[in-house]
Structure formats: C-alpha cells, structure tokens
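Q: sequence below, structure please.
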Amino acid sequence: MQCLFVITLLLGLTAASPPLPRRDMEPRAGTMIKSWALSQFHLLPFNLIDMGVECTKNNANSSLYGCSIQFKWEDPNANQSCTCKEEWQWNGITYSQGPQNNYSTDYFFCKNDNIEIFQFKFVDVFDLSNFSLSLTHIYKDNRNFPTPTIANMFSQPNITLDLLSKSNTTMMYSSGRDGPIKANITGMTI
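A: Numbers count the residues shown, from 1 in each chain. Sure thing, here's the model as predicted:
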C-alpha cells in the first residue's frame with residue numbers, strides 16, 4: 001500500500017511540474033545578446049571615417065602590390081576613437097586570401113591600451129572597393145552596466161568604396177565625402 005502511495009505521489013509531482021527547458025533556450029557562456037535585445041541600449045553605429053585602400057607597385061613589372069587600408073574609427077557609445085591601418089601584399093588579380101593576396105583573416109589591433117581594444121579583420125573581399133569587415137570594440141561600459149562590466153560590441157559592415165585612381169602601378173579607393181560609413185552594432189557580449 002505504501003508503494004502505491006509513493007508511485008501516486010511521484011506521478012502527481014511529475015504531471016504538475018513545469019516542462020524542462022529546451023536545450024536551445026539554455027543560456028551559454030559567451031552567447032551574444034541578440035539584435036532585438038540590443039535595442040534596449042539605444043546603441044549608435046560605429047563611424048568609419050576617411051576610409052581608404054591603396055595598392056602600389058615599385059614598377060609595372062613587380063609581381064605584387066603593397067596594399068593598405070586606413071580609417072578613423074569612432075564609437076559614439078563609448079566616446080572613444082582610434083586610427084586603424086593594416087598592410088598586405090596582393091597580385092592585383094586574386095581576391096581569395098592566400099599567397100597571392102595575403103590580407104589577414106585574424107583580428108588586427110587598432111588600439112589596445114588595457115582600457116579599451118579596437119580590432120578589425122577582413123571577412124569577405126570581393127574586390128578592393130567591395131568587402132566586409134568584422135569590427136569589435138571592447139571597453140568598460142559604465143553607462144549601461146554596473147562597474148566594472150566589460151562590453152564587447154560587434155559590427156560586420158559591408159563596405160563599398162569609390163575608385164579615385166588606377167594605373168599600372170597604383171590603385172586608390174576612398175569612402176568619399178558623403179560622411180562616415182555607418183557600421184550598425186549587430187551583437188554584444190558582456
């Protein structure tokens with residue numbers, strides 16, 4: 001009789017208990033805050049100012065161009081900024097990353113001063129005037145979170161630049177004078 005009582009009690013508890021959470025709804029360490037949740041922070045986009053890509057050869061017979069990308073990066077959410085510059089070599093034809101176009105697919109530090117970190121990397125390069133970057137800015141965000149919370153803001157903008165000049169030894173592209181490139185915040189970790 002006691003056994004029947006215990007079984008009845010366990011069945012009752014099982015039927016009355018809430019369902020277990022689904023695996024895809026469990027929080028995971030390092031999970032980014034989704035874009036719909038970012039709206040509660042009223043985040044402004046990063047501003048990428050005076051972006052330029054320049055590739056030059058010493059002479060027309062050189063096999064590789066020396067290329068560089070340079071821009072000023074402002075984060076109005078943190079009231080912080082820096083200048084970014086990265087260099088690589090390119091044969092002028094190959095757009096996939098490799099020995100003939102060795103742009104870095106690892107993050108490049110624009111600024112790392114133990115207070116904040118600005119870093120970027122190339123994601124997709126379709127040509128020198130059409131590519132996407134991955135941007136991250138890590139800093140102490142005392143406005144949205146209690147001290148000493150470290151926020152890491154992410155953006156992955158598609159960039160289109162205007163051709164300024166092209167010759168056998170030089171190619172220059174620029175963001176133009178239409179104002180900064182706006183890079184919307186697409187993710188955040190804290």
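
Q: who does the one helix or strand D50 maps to touch, helix- and strand-wise?
A: Under DSSP states H and E, the secondary-structure element containing D50 is strand 46-56. Taking 3 or more C-beta pairs under 8 Å, 6 or more residues apart in numbering; DSSP states H and E as contact, the helices and strands that strand 46-56 lies on are strand 65-75, strand 170-174, strand 181-183. Yep, even glycine has a C-beta here, placed from its N, CA and C like the rest.

Q: which one of these lies closest to S134?
A: Go through those one by one with C-beta to C-beta and the one that ends up closest to S134 is strand 181-183, at 10.1 Å.

Q: any stretches of the protein with poor pLDDT?
A: Low-confidence segments of the chain, defined by pLDDT under 70, are located at 1-40.

Q: so where do the strands sit in it?
A: For the chain, the strands defined by DSSP state E occupy 46-56, 65-75, 80-90, 108-112, 116-127, 130-140, 150-155, 158-160, 162-166, 170-174, 181-183, 187-189.

Q: can you list those in JSON lines and add mean neighbour count and distance to N102?
A: Converted to JSON lines, those look like this (neighbours: other C-beta atoms under 10 Å; distance: least, C-beta to C-beta, whole Å):
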{"stretch": "strand 46-56", "mean neighbour count": "19", "distance to N102": "13"}
{"stretch": "strand 65-75", "mean neighbour count": "19", "distance to N102": "10"}
{"stretch": "strand 80-90", "mean neighbour count": "16", "distance to N102": "5"}
{"stretch": "strand 108-112", "mean neighbour count": "15", "distance to N102": "13"}
{"stretch": "strand 116-127", "mean neighbour count": "17", "distance to N102": "11"}
{"stretch": "strand 130-140", "mean neighbour count": "19", "distance to N102": "15"}
{"stretch": "strand 150-155", "mean neighbour count": "19", "distance to N102": "24"}
{"stretch": "strand 158-160", "mean neighbour count": "15", "distance to N102": "19"}
{"stretch": "strand 162-166", "mean neighbour count": "12", "distance to N102": "21"}
{"stretch": "strand 170-174", "mean neighbour count": "18", "distance to N102": "17"}
{"stretch": "strand 181-183", "mean neighbour count": "19", "distance to N102": "24"}
{"stretch": "strand 187-189", "mean neighbour count": "18", "distance to N102": "28"}
